[in-house]
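Participant: Predicted structure and sequence below. I'll ask about it afterward.
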Protein chains: 2
Amino acid sequence: MTIKIAILGLGTVGQGVYETLLSHGQYISEKLGTDTELVGVLVNDSSKQRNLPNNIPITTNYHDILSKDVDVIIEATVGDHPAFEYLSQAIEKGIHVITANKAMFARYGKKLKEKATKNQVHIGYEATTASGTPILRTLKQLLQVNQIEKMEAILNGTSNYILTEMTMNHTSFEDALEQAQEKGYAEANPSNDVDGHDAFYKSMILSELVYGQQPNWEYVYREGIREISNDQIQHAAQRGQKIKHIATVEMRNGEVAASIQPMQINDEHPLYSVDGVNNGITVHTDILGTFTLTGPGAGKLPTASAVIEDLVYVFHKEVKLEKQFI
Amino acid sequence: MTIKIAILGLGTVGQGVYETLLSHGQYISEKLGTDTELVGVLVNDSSKQRNLPNNIPITTNYHDILSKDVDVIIEATVGDHPAFEYLSQAIEKGIHVITANKAMFARYGKKLKEKATKNQVHIGYEATTASGTPILRTLKQLLQVNQIEKMEAILNGTSNYILTEMTMNHTSFEDALEQAQEKGYAEANPSNDVDGHDAFYKSMILSELVYGQQPNWEYVYREGIREISNDQIQHAAQRGQKIKHIATVEMRNGEVAASIQPMQINDEHPLYSVDGVNNGITVHTDILGTFTLTGPGAGKLPTASAVIEDLVYVFHKEVKLEKQFI
């Protein structure tokens, strides 16, 4: 049996997934224990120049994809719509879905998860949060035993890269942002990164995963990093502190509370040393205590690898069962 | 059905487990979905003064434990023997076992795991490595998809505490060790900590878990922290570096190689900021890239909590199955 894959969207993530499927094809097949076949790629503009083999069926019509025999759809489009409708239709057709679309998933994740359960398909979304760093899977694992009291996280690689450049090299905000864009870290619309929208969406996905609910979006304080000056950063440095853009999600007397804002933290804070494009999350649990997970938070390949990881999880259940006990 | 528990050994860990079972009894019962009952405690010296309720059946004879109706045995003794024989007999009787005995498990873990599989019981050993920090479980999770190329880890909380004190407060080695002992971090025999034996055993357990094999123990370079002077530490600090006691385990052309030694690392190393009694592990993987997990590495309660965590895992399989997909 060959696993038939379709990709929706060929932006940074979609392209990265496509390239990884090509470059790591054999490796992925080994992990899956079977071959994969890219049966369709949905794009907005089919006339756009792309270096794809001619035999890859590019289409601008989603129904061309659905009409095919597809096992899993990898959704890497931008925006809530029609991504949500696309995934809903796929799930209803019994197709597994994997998404990297955090804005859409923050809003419609719960609905899609319920739909997936109802239709007995898997929905992978590791790539929506912290890119290649397996935060979601690790939290899932922890939740089997621990209650999570509070999460503090650096969730946007671009903002953290910018703050790090401003701190280490006294770079201006504008120059640092430009660097991040050149390196391919920044979202298509940088406002998603520097105004905290991206971190906000990821926090909501974390909140949903950990607490089964999200705070009322209007009550979540969100502040980006545009207003932070090099002076402020240097003053903080003189006090041995760094300014980091930190998302906090916690359970407060039965209510989930969240905020996304720049914070001054000293070198005793576990996120102090999370620099550059890395992401990090500090989790306060009732049994295990406090621990921190850090890793790559942006970039074409880490994100693609999170998608591939989901792919392997979805199609390689036996391994999960066999290996779940230590 | 009540889960009947026996504890072997009432040292720091055994006592901690016992206290946690008492203090978190109801909480643990909720997690397990059933009550627990402590049916026996094995000690060396029954005349020793302990503040235990009289109704706890203390015994110096292991056969008193085995002759009981026991569901799980928590082994918290010191030394390879008779710990290995105790666990072997328990497993053969179909009793689940959980151990915090790293020296024994480094040497006999493979045998015990095979025996456990053969007898279809679970063997929990999260507590053997990095105390409350779920390194083993996280690695297991990762191994479902990733190949792990290299691990670098700070595995001994006491050594790290001593080095941190020497670095931050210019404390002498001797004074720092004394502090660690007062705080209850240090092993009964401090040589296990400061000469790298403890980190060595943990590395071997990691090697076994990740690579299914251990290097020949004679070929593992092991150096402790006794020889490190405050001067060396200050010189390193002047170059923006810290001296950390780091265990490295990696696959080199099909062979597992390991070393445990002090290393100078700069602030770009993910373990640079792992201070005090914390442990940390940096894992280099083929798909997810490099990420780092840090958390409490010593102390009565973190270790006890790792044991309790194993307890919940062993007796709460449904949750595992239900929650294993994101």
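Facilitator: Good, I have the coordinates. Numbering: from 1, shown residues only, chains lettered A, B, ... in the order given.
Participant: Spit out the contact partners of A:Ala199.
Facilitator: A:153, A:155-156, A:159, A:245, A:247, A:260 (CB atoms under 8 Å, 6 or more residues apart in numbering or on different chains). From N, CA and C alone the C-beta is placed, and that goes for glycine too.
Participant: 6 Å - rerun?
Facilitator: Contact analysis of A:Ala199 by CB atoms under 6 Å, 6 or more residues apart in numbering or on different chains lists A:155-156, A:247, A:260.
Participant: confidence score at A:Glu318?
Facilitator: At A:Glu318, the predicted lDDT confidence score is 37.
Participant: And for A:Lys323?
Facilitator: According to the prediction, A:Lys323 has pLDDT 34.
Participant: same for the host helix or strand of A:Leu311, what does it pack against?
Facilitator: With elements taken from DSSP states H and E, the one containing A:Leu311 is helix A:300-315. Applying 3 or more CB pairs under 6 Å, 6 or more residues apart in numbering or on different chains; DSSP states H and E, we find helix A:300-315 packed against helix A:12-23, strand A:96-99.
Participant: do the shortest one and chain B meet at all?
Facilitator: So that's strand A:96-99. No: contact of strand A:96-99 with chain B (CB under 6 Å from any CB of the partner chain) is absent, the minimum separation being 10.3 Å.
Participant: Would you mind listing the buried residues in the very next helix or strand once past that strand?
Facilitator: Sequence-wise, the next helix or strand downstream of strand A:96-99 (DSSP H and E) is helix A:102-118. Within helix A:102-118, the residues that qualify as buried are A:102-109, A:112-113, A:115-116, counting by 16 or more other CB atoms under 10 Å in any protein chain shown.
Participant: now stretch A:302-312
Facilitator: Neighbour count says stretch A:302-312 has A:302-312 buried, by 16+ other CB under 10 Å.
Participant: Contacts for it, please.
Facilitator: Here stretch A:302-312 has contacts from A:13, A:16-17, A:20, A:31, A:74, A:98, A:100, A:124, A:126-127, A:131-132, A:296, B:145, B:287-289, using CB under 6 Å, 6+ apart.
Participant: next one: stretch A:171-185
Facilitator: A:157-158, A:161-162, A:165-166, A:186, A:277, A:298.
Participant: Now stretch A:77-92: average pLDDT?
Facilitator: Per-residue scores along stretch A:77-92 average to 96.
Participant: Flag every buried residue along it.
Facilitator: In stretch A:77-92, counting by 16+ other CB under 10 Å, buried: A:77-78, A:83-84, A:86-91.
Participant: Can you tell me which of the residues you listed comes closest to chain B?
Facilitator: A:Ile91 (13.9 Å; CB to the nearest CB).
Participant: Would you mind giving the domain segments of chain A?
Facilitator: A:3-131+A:302-314, A:135-295 (automatic domain parsing).
Participant: Dump those domains to CSV, plus distance to B:Val220.
Facilitator: CSV is the format used below for those (distance: least, CB to CB, whole Å):
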stretch, distance to B:Val220
domain A:3-131+A:302-314, 30
domain A:135-295, 27
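Participant: burial measure for the nearest residue in space to A:Glu187 that is not next to it in sequence, as a count.
Facilitator: Using CB to CB, 6 or more residues apart in numbering or on different chains and skipping the chain neighbours, the partner closest in space to A:Glu187 is A:Asp193 (5.3 Å). Neighbour count of A:Asp193, defined by other CB atoms under 10 Å in any protein chain shown: 27.
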